[in-house]
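**Student:** Here is a sequence with its predicted model. Questions after.
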Amino acid sequence: MAETQQMKKFKTPSKGTPKAKHPISIDHHIAPQTPQSATPSAINLRRSHRLTAAFPEHRPAISSFNTHQSAAKTRKIFENPPLVLPTEISITPASPPPVESRKKRKFHEKSAEKSKDSRNVKYKHAADRKVKKKVYYKKVVYDGGEFSAGHDVYVKRRSDASSDDEDPEVEECRVCFKPAGRRVLIECDDCLNGFHLKCLKPPLKAVPDGDWVCCYCVARKNGEVMEFPEPQAGKKRARTAREKLLSSDLWAARIESLWKEVDGTYWFRARWYIIPEETAVGRQPHNLRRELYRTNDFADVEMESIIRHCFVMSPREFANAADGGDDVFLCEYEYEVQWHSFKRIAEIDNNENDGERVVDNDADWNSCDEFDSGSDFDSEEEAAYEDKKRNRLSQLSSLRPVAANSRKGQIFGLQKIGAKKIPENLRSRKQTDLEKAKSTLLLATLPKSLPCRDREMIEITTFIKGAICDEQCLGRCLYVHGVPGTGKTMSVLAVMRNLKSEVDAGSIRPYCFVEINGLKLASPENIYSVIYEGLTGHRVGWKKALNLLNARFSDENKCRKDTRPCILLIDELDLLVTRNQAVLYNILDWPTRPNSKLIVIGIANTMDLPEKLLPRISSRMGIQRLCFGPYNFQQLQEIISSRLKGIDAFEKVAIEFASRKVAAVSGDARRALEICRRAAEFLQNRKVMAGMADVEAAIKEMFQAPHIQLAMAVSSFCANNGETFPGYDTLLKVGCKLGECRLLLCESGTRHKLQKLQLNYPNDDVTFALKDSKELPWLAKYI
Amino acid sequence: MPAFAALRQFPSSDPTSETIVAVTPRKTRLRSDSDAAIGSPLRKSPRLCKEGTPHSSPTASIRKCLKTSLNLSGSPQKKQLSEDFVERQNWNPRDETQRRAANEALHVSTAQMNVVCRENEQNRILDFCKKCIKEEKAGSLYVCGCPGTGKTLSMEKVKVMLADWENEECIQYPDVLPINCTSLANMNDIFSKIIEKNHSGKKRSRSTSSLQQLQNLYSQQTPGMKMILVIADELDYLITRDRAVLHDLFMLTTLPFSKCILLGVANAIDLADRFIPKLRSLNCKPMVITFCAYSKDQIINILQERLRAVPYTVFQPQALELCARKVAAASGDMRKALAVCRSAIEILIGDSMLSSLDGPEDQHKPAENVSMSNQVRIDHVAAALSKVYKSPVVDTIISLPQHQQIILCSAVKLFRGGKKKDTTLGELNKYYVDVCKSTSIPPVGILELSSMCRVLDDQGILKLGQSRDDKLRRVTLKVDGADIVFALQGVRFFRNCLQ
């Protein structure tokens, strides 16, 4: 039971992570937490998933690192990852790299290993050194510092950057160049320099409340020139790590996981922080001096390149950390390096909260090593390994001092509760074709290709490319419409993904992309603040955002820094129609201004939305339309069979039947997929292919109106008093029941005998439902 | 199209001598221009003159307009001449830069410096502003017209011209405050914007609202106060339920020492009459200037003016004319015309891509033929126009799923008698089931039917009314029954059904 509980919790983070768009089936998430069950067949499956995500493609690159320049190099390599990195790495620590590359590294770095052993490396947990496998740790003591997952650290950026001077651990006064000592250093809020209270002119008696700006900065703001005092000749002023970070000579990173490679080197997975200057929009007036952005960019870095700890805090923690030292930073937003857009961390973490809490609590699982499931050793070895692991597990729990009752009520894996181990052959059974079919037919599964929409996708691509490719970037607007379930949003997003890879390849210029769903807005006006937050990473009220956006998209500020074109995708555009339609007017007016560089793509169901709008708005909307018609049955058939490619679960006739049925009514691809999935569920336990009958049953379930089913159910209820004449009160009761089911329309109950009744559904339907009832054969006569 | 033809003919008639060019063309120019001035704006001029500028008779205004247009057109005319002597290059749609240049010239956001075909209106606005500034008197003016007739553009132009004039005359330049009323979060913000612009130095008191402050300011004499020119675009967004904001705004100009010149821009022709009736009783009704929808000649003129920025011949003249005629007949919306031209270029590019894929047999065609194929022809424009104006009803109906077609069919049958114009969903369901039964097609349930009707409503074929109960929603056909019959003719089932 613990199993299912955790399963649920583990699924959530994949939804929350912004990049979890890959077709990652659920078992992929669950697999790592029960390592003992991962037999080769399951591994192969998992690996194939990875391959589709193109993950191992850049793993070999890591292995070729020179140990000295690792930090700088990794950064470069990961600057433009060819495809999205899986962000759920915190949940699945065992990312199996290809075996070949790892072995190569073993030969390469044998010598490095020896030299490293002489270093002062201690392990908190006695690691099993004999096992030549990747070993994950919760905490590592390295060069006297204690690092664990979740810590923030400074990382060397270039190999030469650290050599220019030693890092001063203590900050000096900017005037007298003496360390703080017993006296208090006060920090200027503008230039972040520290000053002794006495060294200031005029000297301060006490630390003032609120913001304080030093006299140098005040002078500079007033336009005067006031130089900082120079240090004595021959003595160079040492720069602190903070200064180096803010002048981009160092990196800051968050440790996601730590491990020892097979060659004995220690690595960690870093999640980079960047300073505001490195974002696409640059430093903005609202950025604080100590503000950093968390990115969704990861890299594997050697521990050697860590300098020391820093502390990146959320705004609330930052406000409380008044004297936290020099290495305190603020981080409020996550920066998506691919789209150059900002997201509030609080929002992301809210979604992930469940998952993360589980990870934290499940300390044993997280800290214990995750063996390399990519290698293919036989079962005895594996069993031996299991034993070792369990030993270590018990060691771990004895080593770490824990509060007595902190683990009460928690369940740790199967071993802890004394449950019998489930036989492996049962759990690791290969996924049947039917199960595979069911998972690929899920609406949430992203198909590998989008058949039958090639023409539309080409049109969207030429539209966007025509706009962003030339220097001038003339603003334009496209309206995409079509009935539900015809792949509108999916096609546009697929085009955006393709363009993204082209940007990465460098064939087209970078652009920013903001995606908005009209349904997710609290009110139509909120779209302004959402757009502004997406473009700049600063949340303001919609009124202010409107003014700022107006200024941004008009040509008044020609010298603005961010000149990349901007693509705005608004799903469910019709929800933005307000009473006086001002929101739509403003959004569609921006592209017609010179130098706006704005491209608006609107998606809605209604075909004649532009005609329903005010003429001045439809005039600004232009004439670019794109219609997604309902699918016909051949197209539906192609869509379903392309999803089921390689899976032998459906008869061809069954697919055709389902697609013909759907095409006759609505042409909605979602519905066709649902029918097929339901049909697959019907034959759950039978080991056959889904045929016509199953599809038929699924269609009946989906298309038949609920009232017919209801009438059938109620008819059995009536059967009780079929022969005997019911009393008046029984009749009333039955009437009320039928009224509650909305089969009958009744007047309010106070009038009892005089209540008027009306059948809510057509007579034919009732006849049809009651005709064949077995209990009341005589009923058919009456009807 | 007299103006256009005259311009085109003229250089070939007398191409050689510069001196004659300076004399004779003036004459033709005069005639042609007066033609243009009378031809297109005359349709509205009588009415305008009745209520319009009091100090000028119609003939005077025309003469004046001619003079200015002569002055304005002096240099471009010469330029055009020289351009016509030089053979204009052939436009190659496959070339990136040339394509970009053409696209840029036809984009909505690239406004050229002199707004052609609106000189008359511009001058009237300018005269009004000049008069107000000279006399230091407040005044209000209301500019109305359909979308895409160059109102906002003309206001920009007037602003520039006003600045030039003030530099010449050395009159203190008034503050100019352009506001787009859609971008106001709160309607009353317009007053605070005015007060910020005008009297930024002064301290704002919190107790009184900015409207009251403005009223106080304008009701007593304060020496040395600058004039302020407020250009309020999309004025009708200021209409609140009690119309207070709009009323107060116009009333500001009637205060005794008001320094506010208000230029309001909107679509509605009678906004001032309808919403501010009090102004008439105070005898300070705003002067109204109407921007008529562009006529066909004007659209041709503007398109040519824009294309002159490109040193290539992009359009065949007939193609331009077709575009202009169609757009002028439908709405006279310049944005539409530009969009049609741009999409015609895109169609041409698509064609040329295809033909270049076809292979090299293009090359041994005669040269002039190639040059023709590099211009936007009538068929391209026609294709682009059909994208805008063609109603796709028949195609849509043909491509609908069968059950939705059956619904339409039963709806046509239902309304055929002509006595009923609308029905309820329940009744439509009855008819639908009948039609299905007649050919033993299993009908779908009523819930499914109502969701299909919603899809048809989205596509603009049916109209669904609002009702709490699904069954009682009103259904009306939004397309002509004959269209449906025509579209469904091809299928025998429907033909039988509809007979």
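**Tutor:** Structure's in. What do you need?
**Student:** Give the full set of residues in contact with whatever residue of the stretch 251-400 of chain A ends up closest to chain B.
**Tutor:** Going by C-beta to the nearest C-beta, chain B is nearest to A:H286 of the stretch 251-400 of chain A, at 19.8 Å. For every residue, glycine as well, the C-beta is placed using N, CA and C. Applying C-beta atoms under 8 Å, 6 or more residues apart in numbering or on different chains, we find A:H286 in contact with A:H538.
**Student:** go on, A:C176?
**Tutor:** Contact partners of A:C176, counting by C-beta under 8 Å, 6+ apart, are A:196, A:199.
**Student:** Quick check: it vs chain B, distance?
**Tutor:** 44 Å (C-beta to the nearest C-beta, to the nearest Å).
**Student:** pretty sure that residue is in a strand, no?
**Tutor:** No. A:C176 is assigned coil when assessed by DSSP: H, G, I helix; E, B strand; the rest coil, not a strand.
**Student:** Look up the pLDDT of residue 391 for me, please.
**Tutor:** Unless you meant another one, I'm taking chain A. For A:N391, the pLDDT comes out at 46.
**Student:** I was thinking of chain B, sorry if that wasn't clear
**Tutor:** 70.
**Student:** what are the phi and psi angles of residue 290?
**Tutor:** No chain in the question, so chain A it is. phi -100, psi 20 (degrees, to the nearest 10).
**Student:** actually it's chain B I care about, not the one you picked
**Tutor:** Note on B:T290: its backbone torsions stand at phi -100, psi 130 [degrees, to the nearest 10].
**Student:** just for the stretch 301-450 of chain B, where's the confidence low?
**Tutor:** Along the stretch 301-450 of chain B, the parts satisfying pLDDT under 70 run over B:357-373.
**Student:** what's the answer for the stretch 651-783 of chain A, then?
**Tutor:** Per-residue confidence for the stretch 651-783 of chain A (pLDDT under 70) gives these ranges: A:684-688, A:703-728, A:741-763, A:770-783.
**Student:** excluding its backbone neighbours, what's nearest B:Y237?
**Tutor:** Leaving aside its sequence neighbours, B:Y237 sits nearest to B:C181 (C-beta to C-beta, 6 or more residues apart in numbering or on different chains; 4.1 Å).
**Student:** re earlier: can you pull the pLDDT of the residue of the stretch 251-400 of chain A closest to chain B?
**Tutor:** The model reports A:H286 with a pLDDT of 77.
**Student:** Is it within a helix or a strand, and which one?
**Tutor:** According to DSSP states H and E, A:H286 maps onto no helix or strand at all.
**Student:** Same question for A:Y479.
**Tutor:** Per DSSP H and E: strand A:476-482 holds A:Y479.
**Student:** Run through the residues of the stretch 101-250 of chain B sitting next to chain A.
**Tutor:** Contact residues (C-beta under 8 Å from any C-beta of the partner chain) of the stretch 101-250 of chain B with chain A: B:103-104, B:107-111, B:146-148, B:180, B:182-183, B:185-186, B:234, B:237.
**Student:** could you pull out the strands for the stretch 351-499 of chain B?
**Tutor:** Taking DSSP state E, counting those that start in this stretch as the test, the strands found in the stretch 351-499 of chain B are B:423-424, B:462-464, B:474-477.
**Student:** Would you mind telling me which of these is nearest chain A?
**Tutor:** Of all the strands of the stretch 351-499 of chain B, strand B:462-464 comes closest under C-beta to the nearest C-beta, at 10.8 Å.
**Student:** by contact count, what packs against the closest one?
**Tutor:** The contact analysis (3 or more C-beta pairs under 8 Å, 6 or more residues apart in numbering or on different chains; DSSP states H and E) places strand B:462-464 against helix B:446-458, strand B:474-477.
**Student:** Tell me the strands beside that strand, with direction?
**Tutor:** Paired strands of strand B:462-464, with direction, are strand B:474-477 (antiparallel) (DSSP bridges).
**Student:** Which of the helices or strands spans the residue of the stretch 401-550 of chain A found nearest chain B?
**Tutor:** Ranked by C-beta to the nearest C-beta, the top residue of the stretch 401-550 of chain A for proximity to chain B is A:K543, at 3.7 Å. Using DSSP H and E, A:K543 falls within helix A:542-553.
**Student:** Are any of the residues of the stretch 101-250 of chain B next to chain A buried, and if so which?
**Tutor:** B:103-104, B:107-109, B:146-148, B:180, B:182-183, B:185, B:234, B:237 (16 or more other C-beta atoms under 10 Å in any protein chain shown).
**Student:** what residue of chain B is the furthest out?
**Tutor:** What lies farthest from the middle of chain B is B:S440; by C-alpha atoms, centre = their mean that is 52.8 Å.
**Student:** gap between that residue and B:R492?
**Tutor:** Using C-beta to C-beta, to the nearest Å, B:S440 is found at 15 Å from B:R492.
**Student:** interface residues of the stretch 501-650 of chain A facing chain B?
**Tutor:** Checking the stretch 501-650 of chain A against chain B by C-beta under 8 Å from any C-beta, the hits are A:542-543, A:546-547, A:550, A:580, A:582, A:585-586, A:589, A:591-596, A:605-608, A:611, A:615-616, A:619-620, A:622-625, A:627, A:629-630, A:632.
**Student:** How many residues are close by the residue of the stretch 401-550 of chain A closest to chain B?
**Tutor:** For A:K543, the neighbour count with other C-beta atoms under 10 Å in any protein chain shown is 16.
**Student:** Report pLDDT for it.
**Tutor:** pLDDT, read off for A:K543, is 88.
**Student:** In the stretch 201-350 of chain B, what residue lies closest to chain A?
**Tutor:** B:A339 (4.5 Å).
**Student:** show me what contacts that residue?
**Tutor:** Going by C-beta under 8 Å, 6+ apart, B:A339 touches A:622-624, B:108, B:388.
**Student:** at 10 Å what do you get?
**Tutor:** A:476-477, A:619, A:621-624, B:106-108, B:148, B:327, B:333, B:384, B:387-388 (C-beta atoms under 10 Å, 6 or more residues apart in numbering or on different chains).
**Student:** Quick check: of those, which lies closest to A:V262?
**Tutor:** Nearest to A:V262 among the contacts of B:A339: A:R476, at 54.8 Å, using C-beta to C-beta.
**Student:** Tell me if I'm right that that closest one and A:I599 touch.
**Tutor:** Yes. With contacts counted by C-beta atoms under 10 Å, A:R476 reaches A:I599, the gap being 5.8 Å.
**Student:** Which neighbours do those two have in common?
**Tutor:** A:463-464, A:466-467, A:591.
**Student:** Give me the subset of those lying in strands.
**Tutor:** With strands taken from DSSP state E, there is no overlap with the shared contacts of A:R476 and A:I599.
**Student:** now, which of those sits nearest B:I349?
**Tutor:** For the shared contacts of A:R476 and A:I599, the nearest to B:I349 is A:G466 (9.3 Å; C-beta to C-beta).
**Student:** what's the distance between the closest one and B:F315?
**Tutor:** 19 Å.
**Student:** Next: A:P484.
**Tutor:** For A:P484 relative to B:F315 (C-beta to C-beta), the value is 41 Å.
**Student:** For the two, indicate the residue with more neighbours.
**Tutor:** Applying other C-beta under 10 Å to A:P484 and B:F315 shows that B:F315 carries more neighbours, namely 26 against 18.
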